[in-house]
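**Q** please work out how this folds:
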Amino acid sequence: MRRQLTSSDERWPIAGGFVIARGAKTEAHVALVTITQNGITGRGEAVPYGRYGETMAGVQDQIEQARAAIEAGADLGALQTLLPAGAARNALDCALWDLQAKQTGIPASVRAGYARLDPVKTAYTISLGTPEAMGEAAARSAKRPMLKLKIGGPDDLDRIEAVRVAAPLSRLMVDANEALSFDDLVRLAPNFAKLDVKLIEQPLKAGEDEALEGYQSPVLLCADESLHTRQDLALCARRYGAVNIKLDKTGGLTEALLLKAQAQALGLKIMAGCMVATSLSMAPAMIIAQGVGWVDLDGPLLLAKDREPGLEFIGSVIMPPSRALWG
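**A** You can find the predicted model right below:
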């Protein structure tokens with residue numbers, strides 16, 4: 001029987017808002033795809049990446065472009081050539097993984113090469129704000145093992161100092177979302193190191209980060225916006241010591257798995273990251289999160305309400321997804 005593809009969009013309010021150097025938002029606007037065949041349905045969720053000009057309307061248009069091929073039986077390999085890397089391909093790719101898992105009874109994690117999924121500890125994000133506001137937010141989350149701090153302004157050092165006082169035992173990483181200049185980085189990195197910051201994510205603008213080649217940072221540098229697919233790895237390996245793999249950038253789990261393997265072969269450390277979205281977006285990323293140095297899959301923790309069934313969070317520990325959720 002032919003497949004049936006449905007696509008819609010949903011809005012999930014964020015608890016208290018979410019602020020980074022590029023702006024703020026109050027809700028997660030996600031694309032939801034279902035692919036049904038013989039009464040079995042696979043699901044995938046994705047978030048349009050505004051930084052790269054993606055919109056919900058554009059993502060839905062791309063899904064429609066692939067509809068005929070998907071409904072006629074296009075597999076994961078064919079999908080990689082149907083659409084470019086991005087949110088639309090991610091939603092379809094994850095839905096196909098889920099559909100195949102439910103059709104065969106073989107978990108997606110097993111097909112991806114893992115005998116089982118282990119729980120992982122995620123970072124928890126503190127939005128960009130005044131040093132006082134970020135310190136207060138950190139104090140409320142001081143028992144979490146790792147905090148991710150959004151930065152991007154003249155008070156960045158004060159922000160990190162305030163958080164370190166409020167959460168003395170938490171591992172800290174900072175995310176500039178491309179907001180720093182190279183001079184900013186050179187000035188701030190030694191001070192961040194003294195505050196025991198473990199990682200600085202995407203300090204400079206993607207495509208304008210050549211100054212990092214040859215720079216010996218006292219804190220590990222991680223590429224986010226500079227890394228999408230395997231095509232970007234060679235350049236990133238000359239500029240960064242770690243890479244943030246997000247399924248919305250890679251265009252799905254299929255490319256993300258290949259990217260992870262190649263990045264590890266190059267000696268790069270891995271962060272499994274996410275956009276702000278529901279547990280349906282995080283579940284496939286749990287496969288990428290296996291055995292990596294950094295996990296940032298706190299999207300559902302930032303929402304006022306998550307999808308049901310969702311992932312089970314025990315503090316900052318994420319349990320493997322149920323089959324009812326995904327995979």
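**Q** residues near residue 105, how many?
**A** Here the number of neighbours of residue 105 (other CB atoms under 10 Å) works out to 8. To be clear about C-beta, it is placed using only N, CA and C from the backbone, and glycine gets the same treatment.
**Q** next one: it from residue 40, what distance?
**A** For residue 105, the distance to residue 40 under the criterion CB to CB, to the nearest Å works out to 11 Å.
**Q** list the residues that contact residue 236.
**A** For residue 236, the residues meeting the contact criterion (CB atoms under 8 Å, 6 or more residues apart in numbering) are 223, 226-227, 243, 268.
**Q** tell me the two of those residues that are most distant?
**A** Pairwise distances among the contacts of residue 236 were taken by CB to CB; the largest, 12.0 Å, belongs to 226 and 268.
**Q** need the overlap of contacts for these two.
**A** When contacts are counted by CB under 8 Å, 6+ apart, residue 226 and residue 268 have 236, 240 as shared neighbours.
**Q** for the stretch 151-300 of the chain, just list every one of the strands.
**A** With strands called from DSSP state E, counting those that start in this stretch, the stretch 151-300 of the chain shows them at 171-175, 197-201, 220-223, 242-245, 269-272, 294-295.
**Q** may I see the ones you listed organised as a markdown table, with mean pLDDT, mean neighbour count and distance to residue 302 added?
**A** A markdown table is the format used below for those (pLDDT from 0 to 100; neighbours: other CB atoms under 10 Å; distance: least, CB to CB, whole Å):
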| stretch | mean pLDDT | mean neighbour count | distance to residue 302 |
| --- | --- | --- | --- |
| strand 171-175 | 97 | 24 | 14 |
| strand 197-201 | 98 | 23 | 17 |
| strand 220-223 | 98 | 24 | 20 |
| strand 242-245 | 98 | 24 | 17 |
| strand 269-272 | 98 | 22 | 16 |
| strand 294-295 | 98 | 24 | 15 |
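**Q** residue 90 is nearest to which of the ones you listed?
**A** With CB to CB, the closest approach to residue 90 among the strands of the stretch 151-300 of the chain belongs to strand 242-245: 11.9 Å.
**Q** now the closest one: how far from the chain's centre is it?
**A** Between the centre of strand 242-245 and the centre of its host chain there is 9 Å, according to CA atoms, centre = their mean, to the nearest Å.
**Q** same check, this time on stretch 1-8
**A** The offset between the C-alpha centroid of stretch 1-8 and the centroid of the whole chain comes to 26 Å, using CA atoms, centre = their mean.
**Q** same check, this time on stretch 67-74
**A** The chain centre lies 27 Å from the centre of stretch 67-74; the measure is CA atoms, centre = their mean.
**Q** repeat for stretch 127-137
**A** Taking CA atoms, centre = their mean, one finds stretch 127-137 lying 22 Å from the centre of the chain it belongs to.
**Q** ok, stretch 205-217 next?
**A** For stretch 205-217 - counting by CA atoms, centre = their mean - the centre lies 22 Å from the chain centre.
**Q** ok so, going back, and the strands of the stretch 151-300 of the chain as a markdown table, adding distance to residue 164?
**A** A markdown table is the format used below for the strands of the stretch 151-300 of the chain (distance: least, CB to CB, whole Å):
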| stretch | distance to residue 164 |
| --- | --- |
| strand 171-175 | 7 |
| strand 197-201 | 8 |
| strand 220-223 | 17 |
| strand 242-245 | 21 |
| strand 269-272 | 21 |
| strand 294-295 | 19 |
